[in-house]
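Q: Let me see the structure of the following:
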Amino acid sequence: MEESKKMAKIACAALADKKGEDIQIIDISGVSVLADYFLIVNGNSDSQVNALVDNVEEELHKAGYSL
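A: Have a look, this model is predicted:
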């Protein structure tokens with residue numbers, strides 16, 4: 001569980017770096033066997049949403065996580 005919390009924090013920071021808006025982290029560990037956290041973020045355009053996704057993937061990869 002601590003590992004997934006660390007991943008969620010990295011993803012949240014990556015989203016904030018690319019100006020993601022209204023970032024929400026929801027702990028779903030008590031109701032799901034597939035995931036521990038659910039992240040919701042708003043982007044202003046398709047290109048910004050793509051940049052958000054790319055940055056999360058890049059930062060998690062740098063931290064040693066494979067997706």
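Q: and I25, helix, strand or coil?
A: Following DSSP: H, G, I helix; E, B strand; the rest coil, the label given to I25 is strand.
Q: residues touching it, list them.
A: By Cβ atoms under 8 Å, 6 or more residues apart in numbering, the contact set of I25 is A8, C12, Y37, F38, L39. (Glycine included, C-beta is placed from N, CA and C.)
Q: name the element the residue positioned nearest the centre of the chain belongs to?
A: Per Cα atoms, centre = their mean, the C-alpha nearest to the average position across the chain is that of A11, at 3.3 Å. Using DSSP states H and E, A11 sits in helix 2-17.
Q: hang on, the earlier thing: now, of the contacts of I25, which are buried?
A: Taking 16 or more other Cβ atoms under 10 Å as the criterion, what is buried in the contacts of I25 is A8, C12, Y37, L39.
Q: In this structure the second one contacts I23, no?
A: Yes: with the criterion set as Cβ atoms under 8 Å, C12 and I23 qualify as a contacting pair; they are 5.8 Å apart.
Q: between these two, what contacts are shared?
A: L39.
Q: Return the residues in contact with the closest residue to Y37 other than its chain neighbours.
A: Using Cβ to Cβ, 6 or more residues apart in numbering and skipping the chain neighbours, the partner closest in space to Y37 is A8 (4.2 Å). Taking Cβ under 8 Å, 6+ apart, we find A8 in contact with I25, D36, Y37, L39.
Q: what pLDDT does A8 get?
A: On pLDDT, A8 comes in at 95.
Q: next one: the one 10 residues further on
A: Note for K18: predicted pLDDT of 96.
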